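**Student:** here is my input; please provide its structure:
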Amino acid sequence: MEKAFDIIGLENGIVDLALQIDEIPASGAVSRMKNFLWQPGGNVDNALAAAARQGSRCSFMGAVGTDEAAVFFRSDLEYHGIDTSHLFNKKGSTTLVVCLAEEKTRERSFISYNGEDPDSSPDLGPEDVDEEFIASARYLHVGHASGEMMQRIIGIARDSGVIVSVDGGYYGEDLAWTLDHCDIMIMSNQFYTAMFGEDYGYVANMQKLVKERGIDTCIVTLGAEGCAGANKKGETFRIPAFSGFDIIDTTGAGDVFHGGFLFAHSQGWDLETCTRYASAVSYIKCTALGGRVGIPSRRTVEQFIREGTIDRTDIEARMEHYSQVMHLG
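**Tutor:** Predicted coordinates for the structure are as follows:
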């Protein structure tokens, strides 16, 4: 069948308050806040924003509440050119996350709020599962696979010939299940360590997962240490991270890596080229606050890879956009 979308992302909506601070203060102390921005967040949502900025046709499948944050979340997907036909408003509060970007350590911390009753957070119901819609994508990108319904959606995708991509952020029982039910696994260093401990044979262990689990492509991202991976074609790589520009905020770095990789993979490029492209998308994003502002266009990425320079015209326009777009409270 004709594919309406390149990528469908499956996740429930999140809105971030990104704070740029000197350092996280000790109890009773004070820290200076240098900047703040409201931006939607979430592993899958950020990945879709990145892929859409490269030119992919993207749609979001998930739930939000009925509050002001939900309105902002939907409008931001549309701002990035992402289809919202399968974004559902459900009873409850949209998840809010305070993201602390600490200048001193260049690390980030998170504080999450899911409403007064986190167990009643907005979520998809069985009635929201549209098999024809799921089958209309080339790729399904998920951040976790907890519960029978999420696993059912992944099953529908695979039965329909849709390539299933997983964001392996943190290792858990649900993500362990996806190792046997996905085509592309891109894992964080935390996920890798939970599986392999202090074994630094990154390429060999990615090859092992490809061979033993039947995953088509397996990659581990290592932050400032770069990344490594392998695929069924026998391609392998171990590449360093980019450097040379000031890092403002690493929030969403892994998320947009996924989006950049899925775009590149959809072009049919070889594994190392796809990964270098994704790494460039992620690196440029980290030069601005939050998970969205710094996401570059394809033109900006290609210029950076070719010349080592970053055209900040679009980034500055989005900084202005997000500085004005929502004020809660």
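**Student:** and stretch 22-34, average pLDDT?
**Tutor:** Across stretch 22-34, pLDDT averages out at 85.
**Student:** got the contact list for that stretch?
**Tutor:** 19-21, 100, 102-105, 109 (C-beta atoms under 8 Å, 6 or more residues apart in numbering). Just so you know, the C-beta spots here come from the backbone N, C-alpha and C atoms, and that holds for glycine as well.
**Student:** nearest to residue 76 among those?
**Tutor:** residue 19 (18.5 Å; C-beta to C-beta).
**Student:** residue ranges for the helices of the stretch 201-329 of the chain, please.
**Tutor:** Using DSSP state H, counting those that start in this stretch, the helices of the stretch 201-329 of the chain run over 202-213, 253-266, 271-285, 298-307, 313-324.
**Student:** can you map out the strands along the stretch 151-300 of the chain?
**Tutor:** Along the stretch 151-300 of the chain, counting by DSSP state E, counting those that start in this stretch, strands occupy 163-168, 184-187, 217-221, 227-231, 236-239.
**Student:** ok, the fourth one: who's next to it in the sheet?
**Tutor:** Just to be clear, that refers to strand 227-231. Taking DSSP bridges as the criterion, strand 227-231 pairs within the sheet with strand 217-221 (antiparallel), strand 236-239 (antiparallel).
**Student:** and among the ones you listed, the most buried is which?
**Tutor:** strand 217-221 (a mean of 26; mean count of other C-beta atoms under 10 Å).
**Student:** now that strand, how far from the centre of its chain.
**Tutor:** 14 Å (C-alpha atoms, centre = their mean, to the nearest Å).
**Student:** how about stretch 52-70?
**Tutor:** 12 Å.
**Student:** just the buried positions in that stretch, please.
**Tutor:** Neighbour-count burial for stretch 52-70, counted by 16 or more other C-beta atoms under 10 Å, picks out 52-54, 56-65, 67, 69-70.
**Student:** ends of it, what's the gap?
**Tutor:** 20 Å (C-alpha to C-alpha, to the nearest Å).
**Student:** could you do stretch 170-185 as well?
**Tutor:** End to end - C-alpha to C-alpha - stretch 170-185 spans 12 Å.
**Student:** which residues sit against it?
**Tutor:** 139, 142, 144-147, 150-151, 154-155, 158, 163-166, 168-169, 187-188, 190-191, 194-195, 209, 213-219, 261-262, 265.
**Student:** which of the buried residues of stretch 52-70 lies at the shortest distance from residue 324?
**Tutor:** The closest of the buried residues of stretch 52-70, once distances to residue 324 are taken by C-beta to C-beta, is residue 69, at 16.5 Å.
**Student:** which SSE is the closest one in?
**Tutor:** Using DSSP states H and E, residue 69 sits within helix 68-79.
**Student:** got the angle between that helix and helix 313-324?
**Tutor:** 160 degrees (axes from the mean of the first three to the mean of the last three C-alpha atoms, to 10 degrees).
**Student:** what's helix 68-79 in contact with?
**Tutor:** Residues contacting helix 68-79 (C-beta under 8 Å, 6+ apart): 13-15, 38-40, 45, 48, 60, 64, 83-84, 87, 89, 93-94, 96, 292, 321, 325-326, 328.
**Student:** just the helices from the stretch 1-150 of the chain, written as ranges.
**Tutor:** 43-54, 68-79, 131-134, 148-159.
**Student:** mind listing what's buried in the shortest one?
**Tutor:** Neighbour counts using 16+ other C-beta under 10 Å place 133-134 of helix 131-134 among the buried residues.
**Student:** that one packs against which elements?
**Tutor:** strand 58-64, helix 148-159 (3 or more C-beta pairs under 8 Å, 6 or more residues apart in numbering; DSSP states H and E).
**Student:** show me the contact partners of it.
**Tutor:** Contacts for helix 131-134 (C-beta under 8 Å, 6+ apart): 8, 59, 61, 85-86, 140, 153, 156-157, 160, 162.
**Student:** show me the shaky parts of the chain.
**Tutor:** 1, 116-120, 144-146, 326-329 (pLDDT under 70).
**Student:** centroid-nearest residue for it?
**Tutor:** Centroid-nearest residue in the chain, with C-alpha atoms, centre = their mean: residue 255, separated by 2.2 Å.
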